[in-house]
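K.L.:
got a predicted structure here, sequence first:
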Amino acid sequence: MGIIIAILIFGLIVTVHEFGHFICAKLSGIKVLEFSVGMGPKLLQKTKGETAYSLRLLPLGGYCAMEGEDSETESPRSFRNAKLRKRMIVLAAGAFMNFVLGFVMLIPMVCMMDEVPTDQISGFHGDNKADGSVEYYAESYKTGLRHGDKFVSIDGTSVFSVLDLNYIFETSKTNKHDVKVRRDGKIVELSDVVFNNSKTGSIIDFGLVYKEKNPLTVIKGSGDIFLSMSHIVGLSLKQLVSGKVEKEEVSGPVGVIDAINDTAKESETKEDAIFNLLYMTALITINVGIFNLLPIPGLDGGRLLFCFIELVRRKPVKPEHEGYVHLAGLILLFGIMIFVTFQDIMRLFS
């Protein structure tokens, strides 16, 4: 059952992405030849108007085929003959829909929380003394943080929500931090801040402000978590490019589906399973959106790069030249996909 749910989630993410291209192409007057959910052999196909709608065997992909994407054609409704502005909107729409899906998934997730977390400090770990004073065990209080401080960044890494705090503390290799907070409406910079409860040894030595759920706090909380997820995905991609992430740690579709399946199976209650699946879906779809915007040939970002070149040159790159570049990019991407899929399968067996 978990595998089926995982495949459906992955299929939803890809379908939403392709639907972004599809709907914007239709609205822009670009001729769509086929909109396919899945890859491989056709299971079902129905033609409505000028577009064929297909359901294919492998639910790990999909596509929106537009006339004249990689070649010149006389048709005024081909992709390449559309105005540059329209082409750029169509190309960016897939990633945009991934972001919309991610935000939509986070709203019910936040609604399932007892209260909405913020990144503002409510207090510090310590004991109340008989004379009314407090004996703080929190090193962060002793090294400069105060009640009501709102985190802005730690060691140059922006903080949007509690997810960023967790990420920073889990990945940091130093005990002393440069912290930037908003205090009384002003930005305050603190050096050599230490996070440690001297009594328990816990890194988290402060509490956060939690707000009651209402439409405004839920939307605000969902937006903050969305920004954190996007930020963390960006940091992870940066680490991948810089070589700080081992190639064995990279996952493809098989690994992603296995991770979703494990998340569903390891949840103790049905509510936990739903919460975790919403979290995973949001994180993966945001990841897909950001990855597709990278300026890599064969991806939407690579095609957008050629649009920007056209904007600067005032004329498009020859279709055959652009096609060669995208073909090379696709071959590289397929090679990477084969490698990570092999790694995923090896991990499954081990």
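P.N.:
Great, that's in hand.
K.L.:
just the buried residues of the host helix or strand of I168, please?
P.N.:
For I168, the host element (DSSP states H and E) is helix 162-171. The neighbour-count check on helix 162-171 (16 or more other C-beta atoms under 10 Å) flags V162, L163, D164, L165, Y167, I168 as buried. Glycine gets a C-beta too; all of them are placed from N, C-alpha and C.
K.L.:
equivalent analysis for stretch 137-154, please.
P.N.:
Going by 16+ other C-beta under 10 Å, stretch 137-154 has these buried residues: 137-141, 143-145, 149, 151-154.
K.L.:
which ones among these are found in strands?
P.N.:
Of the positions in these, F151, V152, S153, I154 sit in strands, assigned by DSSP state E.
K.L.:
so what's the third one closest to, chain neighbours aside?
P.N.:
Read it as S153. Leaving aside its sequence neighbours, S153 sits nearest to K180 (C-beta to C-beta, 6 or more residues apart in numbering; 4.6 Å).
K.L.:
partner strands of the host helix or strand of that neighbour, parallel or antiparallel?
P.N.:
Using DSSP H and E, K180 falls within strand 176-183. Here strand 176-183 is paired, per DSSP bridges, with strand 150-154 (antiparallel), strand 186-194 (antiparallel).
K.L.:
listing partners with orientation, what would you give for the next helix-or-strand element following the shortest one?
P.N.:
Okay, so that is strand 150-154. Moving toward the C-terminus from strand 150-154, the next helix or strand (DSSP H and E) is strand 157-158. Strand 157-158 has the following strand partners under DSSP bridges: strand 150-154 (antiparallel).
K.L.:
now what about the partner strand, what contacts it?
P.N.:
118-121, 158-159, 164-165, 168, 172, 177-183, 187 (C-beta atoms under 8 Å, 6 or more residues apart in numbering).
K.L.:
repeat that with 7 Å
P.N.:
Strand 150-154 has contacts (C-beta atoms under 7 Å, 6 or more residues apart in numbering) with D119, Q120, V159, L165, I168, H177, V179, K180, V181, R182, I187.
K.L.:
could you pull up phi and psi at the third one?
P.N.:
Phi and psi for V159, reported as degrees, to the nearest 10, are phi -120, psi 120.
K.L.:
how much space separates the closest residue to it other than its chain neighbours from V134?
P.N.:
Nearest in space to V159, with sequence neighbours left out and distances taken as C-beta to C-beta, 6+ apart, is F151 at 4.1 Å. For F151, the distance to V134 (C-beta to C-beta, to the nearest Å) stands at 22 Å.
K.L.:
cool, Y53 as well?
P.N.:
For Y53, the distance to V134 - C-beta to C-beta - is 66 Å.
K.L.:
what about the stretch 101-250 of the chain, any weak spots by pLDDT?
P.N.:
241-250 (pLDDT under 70).
K.L.:
just the helices in it please.
P.N.:
Along the stretch 101-250 of the chain, the stretches classed as helices by DSSP state H, counting those that start in this stretch are 139-142, 162-171, 215-242.
K.L.:
show me what counts as buried in the longest one.
P.N.:
By neighbour count, and taking 16+ other C-beta under 10 Å as the criterion, the buried residues in helix 215-242 are 217-218, 221-233, 235-236.
K.L.:
stretch 69-78 now?
P.N.:
E69, R77, S78.
K.L.:
how many residues are close by the spatially closest residue to the last one that is not a sequence neighbour?
P.N.:
Closest residue to S78 in three dimensions, ignoring its sequence neighbours and counting by C-beta to C-beta, 6+ apart: G68, at 2.7 Å. For G68, the number of neighbouring residues by other C-beta atoms under 10 Å comes to 20.
K.L.:
excluding sequence neighbours, find me the nearest residue to I232.
P.N.:
Per C-beta to C-beta, 6+ apart, closest to I232 is Y167, 5.3 Å.
K.L.:
roughly how far apart are the one you found and R77?
P.N.:
46 Å.
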